[in-house]
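Visitor: give the three-dimensional model of this entry:
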Amino acid sequence: MENGKKILIVEDDQDIRELLHFNLEKEGFTVFSVKNGQESFELLREHVVDLVVLDLMLPDIDGLDILKNIKLDNRLKDIAVIILSAKGEEIDRILGLELGADDYVIKPFSIRELKLRVKGLLKRTKISSLEETKWRYKGIVIDRQRMEIYIDGEEVDLTVTEWKLLMELIDAKGQVLSRDFLLTKVWGYDFEGYARTVDTHIRRLRKKLGQYANIIKTIRGVGYKLKL
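Guide: So this is what the prediction gives:
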């Protein structure tokens, strides 16, 4: 089993649901699959999974409403979410990411690409050494071992993706990281056309950093760096 990781597929199209279930199970994951929003809520009451592959156009509940419910539930909020949708407009992708999704895959999709993205999101953030488990800057205190961040004494909730982004920027020690590099390191893929995914998550991360948002600097046309 792939480190005991559990995945929930929420997809009303039976062929797609079975395709995803078969391929992800073959990779060693424990896979649950349901055909509508109500069944997804029922399953999540019984099982806390590590990742949800979520179709937006379901017969009973809008996928974005399911996403909102997951992110508002303290028991479920750390679950990674990949949206799977035929809605390919940029505004649709940005809305999904702004609401807390970690990735957005447009139908029709490559099963190989989707598996790559799933594995990328489920990789744990590595801690380089015991000396680096604590990181401080002014009112920011980070405990890497516990995956906790405090801003001026208040704990702030980051998604797994936001956490990985911040750790990459910290570890770079002021070097500029390109969007392509961050896509590869954080999401596990480097496909063209997904730079806005990085931008959207950086924007969310800055918002959570509050008065310290400006430590993440945009290098126009390239990417980002941490400037302390």
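Visitor: helix or strand for residue 82, which one?
Guide: Element membership of residue 82, judged by DSSP states H and E, is strand 80-85.
Visitor: repeat that for residue 100.
Guide: Short version, using DSSP H and E: residue 100 is in no helix or strand.
Visitor: which residues touch the nearest residue to it once chain neighbours are set aside?
Guide: Once flanking residues are discounted, residue 100 sits nearest to residue 71: 4.0 Å by C-beta to C-beta, 6 or more residues apart in numbering. Placement of C-beta: from N, CA and C, glycine included. Applying C-beta atoms under 8 Å, 6 or more residues apart in numbering to residue 71 gives the contacts 77, 99, 100.
Visitor: the second one: neighbour count?
Guide: Same thing as residue 99. Neighbour count for residue 99, taken as other C-beta atoms under 10 Å: 16.
Visitor: list the contacts of it.
Guide: For residue 99, the contacting residues are 64, 67, 68, 71, by C-beta under 8 Å, 6+ apart.
Visitor: what's the helix or strand for the last one?
Guide: The reference is to residue 71. Using DSSP H and E, residue 71 falls within helix 63-72.
Visitor: could you give the angle of that helix to strand 80-85?
Guide: For helix 63-72 against strand 80-85, the angle by axes from the mean of the first three to the mean of the last three C-alpha atoms, to 10 degrees is 170 degrees.
Visitor: what's opposite the nearest residue to residue 212 once chain neighbours are set aside in the beta bridge?
Guide: If the residues on either side of it in the chain are set aside, residue 212 comes closest to residue 140, at 5.7 Å by C-beta to C-beta, 6+ apart. On the basis of DSSP bridges, residue 140 is bridged to residue 137, residue 151.
Visitor: show me what contacts residue 140?
Guide: Here residue 140 is in contact with 149, 150, 151, 209, 212 (criterion: C-beta under 8 Å, 6+ apart).
Visitor: let's see 10 Å
Guide: The contact partners of residue 140, taken as C-beta atoms under 10 Å, 6 or more residues apart in numbering, are 149-152, 156, 166, 170, 209-212, 215, 228.
Visitor: can you check residue 163 too?
Guide: Contact analysis of residue 163 by C-beta under 10 Å, 6+ apart lists 78, 125, 142, 144, 147, 148, 149, 157, 186, 205.
Visitor: please consider this matter closed, and thank you.
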